[in-house]
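1. got a structure for you, letters missing:
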């Protein structure tokens, strides 16, 4: 069979230029807010500003992992591979955001408390979540056939996502039983800080959406290449 | 109820196979023993330190042993494609998982009960007065281990590097069980002994969540 | 292995031979028929008289002999059959298991582990397993593979007896051998599609012969 089938992937870009501009503006605004506009924190000084990115990245990571959960269930129900593409895209982006959390944590901690890592509840939970979804990604590399890979990832993805609240609760309760000197952002937040935090979160969500769409499109194209390859090898027989 | 009947039949077959050779049982027991001994080298085993670190190390050893020992659960069904034979039978597909989960639970619990007295001796803890509570925690924690472990064994059986993959998948997911079981065990072994309702309820919740997830989604793993 | 487009109706009591070279889709078709694999598009339905059967009911009536032996090496022949008898909810599973071992000539080896059996004996145990619940539909994936001429002769006559007793048989075969003696219909698959079908009342031997020749020619050409 000589002619190739028509490309099913849209030739339009995964993210429109407009959306890139919007997100860029959001990030710029958020950065301004965090680094300049927000009031300086009383005890910690300049370095505390990293908190806005640290916390909003964690929240964004949660949203991404929730999408893995949804995509996994949807795949098992419909067997449409597009849900698998959504799951892997969301998982990778989620891991990326949690990497930011794990990197900004020590950067924040060292100047303020003198140590790189504090085994406090939230940071420890973030670490475990990061490991969990890295395992998800490793699992995917170890299964070659696309449908089987989608299936096993979906089941593991569901289990991993269900584990998230259990991880957080168990680590949190453990910490209340064995309290450390409080190292997190103890105390309530100034309302101006809340506004900046929300703005940062919106910006992070914007970045997340763009990244997931790009990654989704990449996976869609990969699947199409695989399908073409299979058809070619079949007709060559 | 037909699910119970087929699951019980499969459970019986699994147990028969395990206990016929006994090689897996013996190896798992020795493995946990090695881990316990090695761990004892990492701190000064005075009585108070043992009581401090002991429970955590015990559960860590159980988790490691479990993640190795749960491997064959589905691998065994691949040699002659007996999984296909099971799926050809007019049974609820979940009964295949349920039978194996039950078998793995009993098997792991047996390993833990064998090692409990050894642990008591090595780490100088008095277990007899609190034995029922300890067994309760062992059972609840092991249900979580067996449930997730059996499902992930089915996952790993379809992938490459499965010996490495099963611990990689299982241990992070079981972290909450490690925390809860360790804390509950430590509380029981403390003087005066206390039974933490929070941790026990948590373990129950963990078990319920993942049993339900296995029931809802596990059978997809068995498909061709 | 994939199927392209299959539209097929097989009636009760037929003995169908599926022929075609490797990769033509025979095994996939058998797997879908046994409900082991799910088709990505289309439907499959089973009727007993006028009644359409549910998946679980269908499984009760199917016996399959596949490429792998589908028996447990770590159990004895009898234990294997007792286990499957229980799963099929047969009454008095132990007696049924012992009964099933006789026609395949394994009664004397009932208490030996399946791992000690030769390839031919395992095949016979696999067939005993398939016949355990007196299935109405038998699916065989290359049943003669690995059997010596005596085994093939035995298999041929067993298939004949089963067919005579009203079983519907669908088997994928390779080349010409004794198992084809009772065949009433031959279907040739190529590239996941049906290329030739002798039909419920036609003569299957034309298709069988043609397929055998093509296999030889294509085999030489490769």
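-> Structure's in. What do you need? Given the structure is predicted, the values throughout are model-derived calculations rather than measurements.
2. what packs against whichever helix in chain B runs longest?
-> Selection of the longest helix in chain B by residue count, based on DSSP state H, yields helix B:93-122. Helix B:93-122 is packed against helix B:2-21, helix B:23-40, helix B:47-69, helix B:72-75, helix B:82-88, helix B:131-156, helix B:197-217, with contacts defined by 3 or more CB pairs under 8 Å, 6 or more residues apart in numbering or on different chains; DSSP states H and E. C-beta: built from backbone N, CA, C; applies to glycine.
3. so which bits of it are buried?
-> B:93-112, B:115-116, B:119-120, B:122 (16 or more other CB atoms under 10 Å in any protein chain shown).
4. any idea which helix or strand in chain C has the lowest mean pLDDT?
-> Across the helices and strands of chain C, mean pLDDT, DSSP states H and E gives its lowest value to helix C:204-221, namely a mean of 75.
5. who does that one touch, helix- and strand-wise?
-> Under the contact criterion of 3+ CB pairs under 8 Å, 6+ apart, helix C:204-221 touches strand C:15-19, strand C:185-190, strand C:193-197.
6. one more time with 7 Å
-> Packing partners of helix C:204-221 (3 or more CB pairs under 7 Å, 6 or more residues apart in numbering or on different chains; DSSP states H and E): strand C:15-19, strand C:185-190.
7. pick the most buried one from these.
-> strand C:15-19 (a mean of 26; mean count of other CB atoms under 10 Å in any protein chain shown).
8. quickly run through the sheet partners of it, with directions.
-> As defined by DSSP bridges, the strand partners of strand C:15-19 come to strand C:168-172 (parallel), strand C:185-190 (parallel).
9. show residues contacting the first one.
-> Same thing as strand C:168-172. The contact list for strand C:168-172 (CB atoms under 7 Å, 6 or more residues apart in numbering or on different chains) reads C:10, C:12-18, C:26-27, C:30, C:33, C:136-143, C:159, C:162-163, C:179.
10. what stretches of chain C score poorly on pLDDT?
-> C:1, C:175-176, C:178, C:218-222 (pLDDT under 70).
11. what residues does it have near chain B?
-> Applying CB under 7 Å from any CB of the partner chain, we find that chain C lies next to chain B at C:31, C:34, C:36-38, C:56, C:59-60, C:62, C:64, C:66, C:68-74, C:83-84, C:86-88.
12. among the residues you listed, which are located in strands?
-> C:62, C:64 (DSSP state E).
13. count the neighbours of residue A:210 for me.
-> As a burial measure, residue A:210 scores 19 neighbours (other CB atoms under 10 Å in any protein chain shown).
14. what about it, which SS state?
-> helix (DSSP: H, G, I helix; E, B strand; the rest coil).
15. likewise for residue C:42?
-> Here residue C:42 is recorded as coil under three-state DSSP.
16. and what of residue C:174?
-> Residue C:174 - assigned by three-state DSSP - is coil.
17. distance of it relative to residue C:207?
-> Distance, residue C:174 to residue C:207, by CB to CB, to the nearest Å: 14 Å.
18. and the two? Which one has more around it.
-> For residue C:174 versus residue C:207, neighbours defined as other CB under 10 Å are more numerous around residue C:207 (22 against 17).
19. tell me the helices in chain A, going along the chain?
-> Counting by DSSP H, chain A has helices at residues A:17-32, A:50-78, A:81-113, A:121-141, A:146-177, A:191-235.
20. out of those helices, the one nearest chain C is which?
-> helix A:191-235 (7.7 Å; CB to the nearest CB).
21. and the closest one, what's its mean pLDDT?
-> Across helix A:191-235, pLDDT averages out at 89.
22. what residues are up against the residue nearest the centre of chain A?
-> Central residue of chain A (CA atoms, centre = their mean): residue A:94, 1.4 Å from the mean position. With contact set as CB under 7 Å, 6+ apart, residue A:94 has these partners: A:61, A:64-65, A:68, A:133.
23. at 8 Å what do you get?
-> A:61-62, A:64-65, A:67-68, A:133 (CB atoms under 8 Å, 6 or more residues apart in numbering or on different chains).
24. hey, which of the helices and strands packed on helix B:93-122 is tucked in deepest?
-> Most buried among those, counting by mean count of other CB under 10 Å: helix B:131-156, with a mean of 24.
25. helices and strands around that helix, which ones?
-> Packed next to helix B:131-156, using 3+ CB pairs under 8 Å, 6+ apart, are helix A:146-177, helix B:47-69, helix B:72-75, helix B:93-122, helix B:162-173, helix B:175-189, helix B:197-217.
26. reformat those as JSON lines; add distance to residue A:85 and mean pLDDT.
-> Formatted as JSON lines, the helices and strands packed on helix B:131-156 follow (distance: least, CB to CB, whole Å; pLDDT from 0 to 100):
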{"stretch": "helix A:146-177", "distance to residue A:85": "9", "mean pLDDT": "94"}
{"stretch": "helix B:47-69", "distance to residue A:85": "30", "mean pLDDT": "86"}
{"stretch": "helix B:72-75", "distance to residue A:85": "27", "mean pLDDT": "88"}
{"stretch": "helix B:93-122", "distance to residue A:85": "27", "mean pLDDT": "93"}
{"stretch": "helix B:162-173", "distance to residue A:85": "21", "mean pLDDT": "93"}
{"stretch": "helix B:175-189", "distance to residue A:85": "29", "mean pLDDT": "95"}
{"stretch": "helix B:197-217", "distance to residue A:85": "19", "mean pLDDT": "96"}
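27. understood, closing this out.
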